[in-house]
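Trainee: here is my input; please provide its structure:
(chains A and B)
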Amino acid sequence: DTGVSQDPRHKITKRGQNVTFRCDPISEHNRLYWYRQTLGQGPEFLTYFQNEAQLEKSRLLSDRFSAERPKGSFSTLEIQRTEQGDSAMYLCASSLTQGSTEAFFGQGTRLTVV
Amino acid sequence: GQQLNQSPQSMFIQEGEDVSMNCTSSSIFNTWLWYKQDPGEGPVLLIALYKAGELTSNGRLTAQFGITRKDSFLNISASIPSDVGIYFCAGPPSLYGNKLVFGAGTILRVKS
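Mentor: Next up is the predicted model:
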């Protein structure tokens, strides 16, 4: 399968715990995006990388959230001190270089904070 | 921020019927994308539109980039049960946009 891969698919955690999600983009795509989706809404942009550089962060990305893409390939999204409001689907997408806005999404990680 | 408004919010149609939905914006978009999302899955890209007035098909799906560049339309012909899902329009909110803004989606339910 050469699509965007996310792991885990589901995560249940207790409030206050830290969680980390992983995304493996389509191999030739050097842009990687993180989105968050809550029930009944479309995905909302969180952040994106061009290769290993994090070029934009949404104001939705509080200081408890951090994303990395250390070698310009896979990316991780960490949420520290999780809150119930963090419960959502976290989606990763990738696209080719500038000029292409066609983003291809992974299957997402469903986070439930109890 | 920029918002995309999708209409209708949900539809319940008979199998075999044609379906139309639309997406509008208060500002101009240079690209329109249509995605479909099944429960528990990520959105899947259906059609991409890049030019005002453009009409593009993908099987039974046809999408149009509105002349005003502030709207787009998606039509599904002869709907089948597997068309069930949520359809999202999306686009980059600026000319050099690197992110997408999404509408809230149109939920399609098909009665077989």
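
Trainee: leaving aside the residues next to it on the chain, what's closest to whichever residue of chain B sits closest to chain A?
Mentor: Of all residues in chain B, the one sitting closest to chain A is B:F102 (2.9 Å; C-beta to the nearest C-beta). Every C-beta, even on glycine, is put in place using the N, C-alpha and C of the backbone. Nearest residue to B:F102 in three dimensions, chain neighbours excluded: A:G42, at 2.9 Å (C-beta to C-beta, 6 or more residues apart in numbering or on different chains).

Trainee: so who does whichever residue of chain A sits closest to chain B touch?
Mentor: Nearest to chain B in chain A, going by C-beta to the nearest C-beta, is A:G42, at a distance of 2.9 Å. Counting by C-beta atoms under 8 Å, 6 or more residues apart in numbering or on different chains, A:G42 touches B:L4, B:F88, B:A90, B:V101, B:F102, B:G103, B:A104, B:G105.

Trainee: state the pair within those residues that is farthest apart.
Mentor: The two members of the contacts of A:G42 with the most space between them (C-beta to C-beta) are B:V101 and B:G105, at 12.8 Å.

Trainee: give me the more crowded residue out of these two.
Mentor: Per other C-beta atoms under 10 Å in any protein chain shown, whichever of B:V101 and B:G105 has more neighbours is B:G105, with 26 against 21.

Trainee: show me where chain A has its strands.
Mentor: Taking DSSP state E, the strands of chain A run over residues A:5-7, A:10-13, A:19-24, A:31-37, A:44-50, A:53-57, A:65-68, A:75-79, A:88-95, A:104-105, A:109-113.

Trainee: out of those, name the one with the poorest average pLDDT.
Mentor: Ranked by mean pLDDT, the strands of chain A bottom out at strand A:53-57, with a mean of 91.

Trainee: which strands and helices lie in contact with it?
Mentor: strand A:44-50 (3 or more C-beta pairs under 8 Å, 6 or more residues apart in numbering or on different chains; DSSP states H and E).

Trainee: which of the residues in the strand it packs on are buried?
Mentor: Buried residues in strand A:44-50, counted by 16 or more other C-beta atoms under 10 Å in any protein chain shown: A:E44, A:F45, A:L46, A:T47, A:Y48, A:F49, A:Q50.

Trainee: elements contacting that strand?
Mentor: strand A:31-37, strand A:53-57, strand A:65-68.

Trainee: switch the ones you listed over to JSON lines; also include mean neighbour count and distance to A:T20.
Mentor: Shown next, in JSON lines, are the helices and strands packed on strand A:44-50 (neighbours: other C-beta atoms under 10 Å in any protein chain shown; distance: least, C-beta to C-beta, whole Å):
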{"stretch": "strand A:31-37", "mean neighbour count": "25", "distance to A:T20": "12"}
{"stretch": "strand A:53-57", "mean neighbour count": "14", "distance to A:T20": "16"}
{"stretch": "strand A:65-68", "mean neighbour count": "18", "distance to A:T20": "9"}
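
Trainee: out of those strands, the one nearest B:G42 is which?
Mentor: Short answer: strand A:31-37, nearest of these by C-beta to C-beta, at 8.9 Å.

Trainee: sounds good, over and out.
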